[in-house]
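J.: Turn this into a structure:
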Amino acid sequence: MKGFKVVRWFSCIIAALIILFTGIVSAYAAAINVTANATDTLNGADGQCSLREAIQNINNGATTYADCVPTGAYGTSDTINIPAGTYTIAIAGAGEDLNATGDFDITKSVTITGAGAGSTTINGGALDRVFHITGAYTVSISGVTIQNGSPASNGGGIHNNSGTLTVTNSTIVRNTATTGGGIYKLAGATGFTNSIVADNGVGLDCVGTITDSGGNIDSDGNCGTFTQNAAMVQGTGFSALASNGGPTQTHALLAGSAAIDTAPTCAGLTTDQRGTTRPQGSACDIGAYEYVVAAAAVSVPTMTEWGMIIFIFLAGLGAMYYMRRRRA
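T.: Here you go, the predicted model:
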């Protein structure tokens, strides 16, 4: 009996240590908030937390750039929050893989969350691709537009070397590359939900096996089981970048776009990137822009039409008066 009590107490102590250790480990999650519209720079003393600085701090697991101080401790579940704005790569130097120049190189697991695909735009500046996942890291990207990536090699929007990548409620458009204008998956795993990969010029929208988790559209049929719509290109499926309400310019969906009312779920979102209520139709739209049907115009009679209406009304009254007089 005494031995049983010892075993029970020992088990309780082990369980308590496991819970404590789990709590400590889960607390290791840094969150860095990028400064809205911050210039692409590596300068920890300018008071602006750029996207490149945020990625570098996460990559290093340390606050290398003092203007990107995280909440929480660096760990394995770190997050970068990017507010509404446009973030354009401005430091030239393609082919470098340590995030110092050219594309945004990711060398550690991270979650990158934007304010919405039409609200948070990450622009390659035609200097290099936009994102490069350099190794076997777990990366989640949501609520962003990725555009204007243009490397001399593969993966205009994203190059996934061997990571586990998830893309949600995002738009990858108007990029170009030798292979995989939108996304190039060399190895690892890549999955999409409620996203658009379209109009990516030379190199095809997708190259490599892509997992379709529902609600995805491409324009050239090269993204596995995505719904293909050849009209999902600038000018027919969506508009050129323009002011469509909200804090930043957006690629608005156009009438008849295959992305309208076709998302299988709203993925927990109640508004689009402009703050417009979702859904506007029978279902949410794919991507981060919610199409709003213009209210039917109310027809107001012209002066000529008003005159005709009054004439008919008076004629009717006259006819009624005449009939009543005859009966009398």
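
J.: so residue 88 bridges to which residues?
T.: Beta-bridge pairing of residue 88 under DSSP bridges involves residue 123.

J.: thought it was touching residue 126?
T.: No. With contacts counted by C-beta atoms under 8 Å, residue 88 stays clear of residue 126, the gap being 9.7 Å. From N, CA and C alone the C-beta is placed, and that goes for glycine too.

J.: Settle it for me: which of those two has more neighbours?
T.: Shown here are residue 88 and residue 126; by other C-beta atoms under 10 Å, residue 88 has more neighbours (18 against 14).

J.: Next one: the more buried one from residue 144, what distance?
T.: In this view, residue 88 and residue 144 are 13 Å apart by C-beta to C-beta, to the nearest Å.

J.: swap in residue 205?
T.: Distance, residue 205 to residue 144, using C-beta to C-beta: 17 Å.

J.: Overlap in contacts, residue 88 and residue 126.
T.: residue 148 (C-beta atoms under 8 Å, 6 or more residues apart in numbering).

J.: So the nearest residue to residue 73 once chain neighbours are set aside: helix, strand or coil?
T.: Distances taken as C-beta to C-beta, 6 or more residues apart in numbering put residue 28 closest to residue 73, at 5.0 Å, once the chain neighbours are dropped. Using DSSP: H, G, I helix; E, B strand; the rest coil, the secondary structure recorded for residue 28 is coil.

J.: shouldn't residue 28 be in contact with residue 70?
T.: No. The pair residue 28 and residue 70 does not pass the contact test of C-beta under 8 Å, sitting 10.9 Å apart.

J.: who has more neighbours, these two?
T.: Set residue 28 next to residue 70 and count neighbours by other C-beta under 10 Å: residue 70 wins out with 20 against 14.

J.: Skip the chain neighbours and tell me the closest residue to residue 102.
T.: Nearest non-adjacent residue to residue 102, counting by C-beta to C-beta, 6+ apart: residue 128, 3.8 Å away.

J.: now do residue 107
T.: residue 59 (4.5 Å).

J.: what mean pLDDT does stretch 103-123 have?
T.: Stretch 103-123 carries an average pLDDT of 95.

J.: Between the two ends of that stretch, how far is it?
T.: The first residue of stretch 103-123 is 10 Å away from its last residue (C-alpha to C-alpha, to the nearest Å).

J.: what does stretch 148-160 give?
T.: Terminal residues of stretch 148-160 lie 17 Å apart, using C-alpha to C-alpha.

J.: buried set for that stretch?
T.: Residues of stretch 148-160 classed as buried: 148-151, 153-160 (neighbour count, 16 or more other C-beta atoms under 10 Å).

J.: Next step: these restricted to strands.
T.: Cross-referencing the buried residues of stretch 148-160 against strands under DSSP state E gives 158-160.

J.: got the residue ranges for the strands in the stretch 51-200 of the chain?
T.: Counting by DSSP state E, counting those that start in this stretch, the stretch 51-200 of the chain has strands at residues 79-82, 85-88, 104-106, 110-114, 120-123, 131-133, 138-142, 145-147, 158-160, 164-168, 171-173, 183-185, 189-193, 196-198.

J.: I'd like to know which of those strands is closest to residue 225.
T.: Proximity to residue 225 (C-beta to C-beta) singles out strand 189-193 among these, at 10.3 Å.

J.: give me the number of residues near residue 69?
T.: Neighbours of residue 69 under the rule other C-beta under 10 Å: 13.

J.: ok, it to residue 270 distance?
T.: 31 Å.

J.: Could you do residue 100 as well?
T.: For residue 100, the distance to residue 270 - C-beta to C-beta - is 39 Å.

J.: what's the answer for residue 313, then?
T.: Per C-beta to C-beta, residue 313 is found 49 Å from residue 270.

J.: for residue 117, same thing?
T.: Going from residue 117 to residue 270 by C-beta to C-beta gives 16 Å.

J.: can you pull the contacts of the closest residue to residue 165 other than its chain neighbours?
T.: Nearest residue to residue 165, sequence neighbours excluded (C-beta to C-beta, 6+ apart): residue 190, at 4.6 Å. Residues near residue 190 by C-beta under 8 Å, 6+ apart: 160, 165-167, 183, 208-211.
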